[in-house]
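*Asks:* Starting from these lines, generate the structure:
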Amino acid sequence: MDDAAEIATGHLEGEARRLVLADGREVLLRALRPEDDALYPEFDTHVTDEDRRLRFLVALREVPQNQIFRLTHFDRRHARAYAAIEPGTGRLLGVGRIHQLSSDEGEYAVLVRSDLKGLGLGHALMDAVLEGARELGLKSVLGLILRENRNMIALCRELGFTFSASSEANLVEARLRLS
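*Replies:* Down below sits the predicted model:
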């Protein structure tokens, strides 16, 4: 864990962790719930079109409601997802997820409000995602990243991911072997 954020230890499926961002703001990190779909529209207004494109790999003006439903209603036997919530208001500040692709590997995704980037929230969500991958019994984690997404590439590099070319020229595959 980097110095930008501090998390109290504990299992995330049934409880929340307190997280303090680099700017001193407190955040609760907990398992994403189906009812959190109601939080996405407001969250999405704080994500730039560019950050949405970097996360979903295509240009989107907003995340469609059917996509939001799929992101919040998933099979917990094969996936984990985490929400960063602002205490007091209950507003969604970021999300991270891992979805099992095979018995050994899962694909991750992280999205943080654009105005909160650089405060350690993405790192904290990625740590939760990696913990979730271990809970699922996965041996490796994969992410497809647009080559221009320097922040995600830097985070993955810091966490020990290795990189390889993707079959698509504008993407890089980031993979982490879990111990």
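
*Asks:* from the middle of its chain, how far away would the top helix by length along the chain be?
*Replies:* Longest helix in the chain, counting residues (DSSP state H): helix 121-135. Distance of helix 121-135 from the chain centroid (C-alpha atoms, centre = their mean, to the nearest Å) equals 7 Å.

*Asks:* got the angle for whichever helix or strand comes after that helix vs helix 121-135?
*Replies:* Going down the chain from helix 121-135, the next helix or strand is strand 140-146, by DSSP states H and E. With axes from the mean of the first three to the mean of the last three C-alpha atoms, to 10 degrees defining the directions, strand 140-146 sits at 140 degrees from helix 121-135.

*Asks:* thinking again about what came up before, extract the C-alpha set from the longest helix of the chain and format it as PDB.
*Replies:* This file holds the C-alpha atoms of helix 121-135, laid out as PDB (Å, rounded to 0.1, in the frame of the first residue of the first chain):
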ATOM      1  CA  LEU A 121      -8.400   5.800  -4.000                       C
ATOM      2  CA  GLY A 122      -7.600   3.900  -7.200                       C
ATOM      3  CA  HIS A 123      -4.700   2.100  -5.400                       C
ATOM      4  CA  ALA A 124      -6.900   1.200  -2.500                       C
ATOM      5  CA  LEU A 125      -9.600  -0.100  -4.800                       C
ATOM      6  CA  MET A 126      -7.000  -2.100  -6.700                       C
ATOM      7  CA  ASP A 127      -5.800  -3.600  -3.400                       C
ATOM      8  CA  ALA A 128      -9.300  -4.600  -2.600                       C
ATOM      9  CA  VAL A 129      -9.700  -6.200  -6.100                       C
ATOM     10  CA  LEU A 130      -6.500  -8.200  -5.600                       C
ATOM     11  CA  GLU A 131      -7.800  -9.400  -2.200                       C
ATOM     12  CA  GLY A 132     -11.000 -10.400  -3.900                       C
ATOM     13  CA  ALA A 133      -9.100 -12.300  -6.600                       C
ATOM     14  CA  ARG A 134      -7.300 -14.300  -3.900                       C
ATOM     15  CA  GLU A 135     -10.700 -15.000  -2.200                       C
END
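
*Asks:* So which bits of that helix are buried?
*Replies:* Neighbour counts using 16 or more other C-beta atoms under 10 Å place 121-133 of helix 121-135 among the buried residues. Every residue, glycine included, has its C-beta placed from N, CA and C.
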